[in-house]
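In: sequence plus the predicted model coming up.
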Amino acid sequence: MINSMSNQPFVSVIIPVYNGGKYIERCLDALIASTYPSFEIIVIDGCSTDNTMVMAQQMGATVLQLPRQSGISAARNFGAQHAQGDIIMFIDSDVIVREETIEMIVDSFKRHPGIVGVFGSYDDDPAEGNFISQYRNLLHHYHHQHSDTESYTLWTGCGAIRKKVFEEIGGFDQKRYTKPSIEDIEFGYRIRKKGYRILLNKDLQVKHLKRWEFLSMLRTDIFQRAIPWSRLILETKFMPKDLNLKISHRISSISAALMVLMIPFLPLSNKQLYDVPVALTVGLLSLTKKQKYMDATWT
């Protein structure tokens, strides 16, 4: 699907999806209703076994399928390779944008010519009403709304980057991050290492449709966020005072301590058993705010 007007920056909206039939229609409906006149929608399907591809095609999106299940980072990179826009916008398939969202992204680039990336947050009205979903989404909203606008990460739930910079940085690390993890944090590190700036626009808010349950939240926070983040800190010796890296990920790392007590009750591999204390150790280091981590800069 392509809507085009020559005097406006062209935006490529990339949506990675796998078995997203539950949400993809609402996601695309919201995008189609956008007030911004010049954009395309590219859905990257990760070999879904449901009707995701058919639904997306029927709604007019450009649908590309990965040759094999290679992960969300690979899907985003694949979409970027086929993007025609000067601006690449990433959203998740379980997100509903507002009609002015794309316009706000383009306006952010215009108002702040020194930035190469911009992102927003979930709104304060989660779609799911159960306690875990409300807690998780409102916590996300709170952290983003109370963080500095100068960021070291590029949140891809709803975020955008100039295409030429995306290509220069090399895209997401698809070999390392085959599942949703901290690929946005690691990508943001590389962007900032090049001297570029990323903006958190707190007015740029979208609705999250996902239903969280306790176990899914626990697995995500520990094995897909805290542990990979801990490894990244150990490798880079760098932890900026910024967004997820300032508060929420320290909380995730603390919760690793609880995981130690839960190990006998979880189906963990030997490798994962080794990773838990690693996450705990680095999490505790972050909580003590060691100056060598907090004030580090890359050379």
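Out: It's in.
In: show me what the helix or strand where Tyr189 lies is packed against.
Out: Assigned by DSSP states H and E, Tyr189 falls within helix 183-193. Secondary-structure packing of helix 183-193 (3 or more CB pairs under 8 Å, 6 or more residues apart in numbering; DSSP states H and E): strand 115-122, helix 163-169, strand 197-208, helix 227-236. To be clear about C-beta, it is placed using only N, CA and C from the backbone, and glycine gets the same treatment.
In: list the buried ones in the helix or strand hosting Met55?
Out: Element membership for Met55 (DSSP H and E) is helix 52-58. By neighbour count with 16 or more other CB atoms under 10 Å, helix 52-58 contains the buried residues Thr52, Met53, Met55, Ala56.
In: touching it from outside, list them.
Out: Contacts with helix 52-58, where a contact means CB atoms under 8 Å, 6 or more residues apart in numbering, come from Val17, Tyr18, Asn19, Gly20, Gly21, Ile24, Glu25, Leu28, Val43, Asp45, Val63, Gln65.
In: re the thing from before, go through the helix holding Tyr189 and flag the buried ones.
Out: Those would be Glu183, Asp184, Ile185, Glu186, Phe187, Gly188, Tyr189, Arg190, Ile191, Arg192, for helix 183-193 by 16+ other CB under 10 Å.
In: do stretch 169-187 as well
Out: Buried-residue list, stretch 169-187, by 16+ other CB under 10 Å: 169, 171-174, 177, 180-187.
In: and if you look at stretch 96-105?
Out: Buried residues in stretch 96-105 (16+ other CB under 10 Å): Ile96, Val97, Arg98, Thr101, Ile102, Glu103, Met104, Ile105.
In: mind putting those residues into a markdown table with secondary structure and distance to Asp125?
Out: Listed next are these as a markdown table, based on DSSP: H, G, I helix; E, B strand; the rest coil; distance: CB to CB, whole Å:
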| residue | secondary structure | distance to Asp125 |
| --- | --- | --- |
| Ile96 | strand | 11 |
| Val97 | coil | 14 |
| Arg98 | coil | 12 |
| Thr101 | helix | 15 |
| Ile102 | helix | 20 |
| Glu103 | helix | 21 |
| Met104 | helix | 18 |
| Ile105 | helix | 21 |
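In: now the residues you listed in CSV, with distance to Ile198 and pLDDT?
Out: Converted to CSV, these look like this (distance: CB to CB, whole Å; pLDDT from 0 to 100):
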residue, distance to Ile198, pLDDT
Ile96, 23, 98
Val97, 19, 98
Arg98, 21, 98
Thr101, 17, 99
Ile102, 18, 98
Glu103, 19, 98
Met104, 16, 98
Ile105, 13, 98
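In: possible to save these as a markdown table with distance to Pro37?
Out: Listed next are those as a markdown table, based on distance: CB to CB, whole Å:
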| residue | distance to Pro37 |
| --- | --- |
| Ile96 | 20 |
| Val97 | 15 |
| Arg98 | 16 |
| Thr101 | 14 |
| Ile102 | 9 |
| Glu103 | 9 |
| Met104 | 14 |
| Ile105 | 14 |
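In: from these, pick the one nearest Val206.
Out: Val97 (5.1 Å; CB to CB).
In: any low-confidence regions in the chain?
Out: Scanning the chain for pLDDT under 70 picks out 1, 4-6, 237-299.
In: how's it carved up into domains?
Out: The record assigns the chain these domain ranges, following automatic domain parsing: 2-122+147-200, 213-299.
In: can you put these in TSV and add distance to Asn130?
Out: Shown next, in TSV, are the domains of the chain (distance: least, CB to CB, whole Å):
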stretch	distance to Asn130
domain 2-122+147-200	15
domain 213-299	8
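In: which among the ones you listed is found nearest to Leu139?
Out: Closest among the domains of the chain, using CB to CB: domain 213-299, at 6.7 Å.
In: hang on, the earlier thing: most neighbours, which of the contacts of helix 52-58?
Out: If you count neighbours using other CB atoms under 10 Å, the busiest of the contacts of helix 52-58 is Val43, which has 28 neighbours.
In: okay, and the beta partners of that residue?
Out: Per DSSP bridges, the residues bridged to Val43 are Ile15, Val63.
In: Tyr142 sits in which helix or strand?
Out: Per DSSP H and E: helix 131-145 holds Tyr142.
In: relative to strand 197-208, how tilted is that helix?
Out: 150 degrees (axes from the mean of the first three to the mean of the last three CA atoms, to 10 degrees).
In: what's the angle from helix 131-145 to strand 115-122?
Out: Using the same axes, to 10 degrees: helix 131-145 against strand 115-122 is 150 degrees.
In: tell me which other helices or strands helix 131-145 touches.
Out: Partner elements for helix 131-145 (3+ CB pairs under 8 Å, 6+ apart): strand 115-122, strand 197-208, helix 214-219, helix 243-246, helix 248-262.
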